[in-house]
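# Build me a structure from this.
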Amino acid sequence: MSTNARTRRTDAVRNRTRIVEAARVALAESRHVRLNEIAKRAGVGQGTLYRNFPNREALLAEVHRRDVEELVTAAPALLAEHEPVEALRHWLDRLIDYAGIKRGVLAALEPVAWQDLVADSRNPVEGALTHLLNAGKAAGSLRADVDAHGVLLLIGYLGRLDRDEWESAARPLMNVILDGLRRQDSSVGSLVRRADPEIQNDDGPAGSFFEDDGVVPW
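The predicted structure follows:
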């Protein structure tokens, strides 16, 4: 590959990344995403944007895919740097950011489009959380009677927060959930994989939450 070809390839990758990051910022601010505004934020022409993403759905799907990928790869990296509880705390903090962007993605897409995104992301996110929980259980710092599916059921209800409440309330409430996950010898009851039938949605399996309920799907 010639030097010019490598330079063009590098520029193309850089432009694509800038477009995705600009879209993330726009989604954090509003669910009304306009491609021409994203192109301006990214500092690229509309032709460059459309060469990378032919429509809004393709761009939002890439935002979501990258966020899931970063969330999943963060779990082992955090465990390599921190004790299990602290690693879980950092990961849940990232999950709050991910959920905030995800709300924007889902709100900007038609139900048919975002249901596929939800289905694709559920298992990887649950797997990353399982890795963190298992590390905490092995260290004796997290309860042995919890699993990732049950924890995500609890976290999903943070989606009932209004957009203007999210920044101020989501992290404090997540800390309440984390405190409940810590091992306590006097704790009773368990958070098991069997979901209460009353919280299941007829449109999908337990653990998937839909926008009309005001809850973030996982």
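# Beyond the helix or strand bottoming out on mean pLDDT in the chain, next helix or strand please.
Here the helix or strand of the chain ranked lowest by mean pLDDT, DSSP states H and E is helix 3-29, holding a mean of 81. Sequence-wise, the next helix or strand downstream of helix 3-29 (DSSP states H and E) is helix 35-42.
# Does anything pack onto the least confident helix or strand of the chain? Which helices or strands?
When contacts are defined as 3 or more Cβ pairs under 8 Å, 6 or more residues apart in numbering; DSSP states H and E, helix 3-29 sits against helix 35-42, helix 46-52, helix 56-81, helix 84-108. In short, each C-beta sits where N, CA and C put it, glycine included.
# repeat that with 10 Å
Using 3 or more Cβ pairs under 10 Å, 6 or more residues apart in numbering; DSSP states H and E, the elements in contact with helix 3-29 are helix 35-42, helix 46-52, helix 56-81, helix 84-108, helix 163-181.
# which one of those helices lies closest to Asn123?
helix 56-81 (9.9 Å; Cβ to Cβ).
# picking up where we left off before, and the least confident helix or strand of the chain, which residues are buried?
Asn15, Arg16, Arg18, Ile19, Val20, Ala22, Ala23, Arg24, Ala26, Leu27 (16 or more other Cβ atoms under 10 Å).
# Closest to His131 out of the residues you listed?
Using Cβ to Cβ, the buried residues of helix 3-29 come closest to His131 at Arg24, 24.8 Å.
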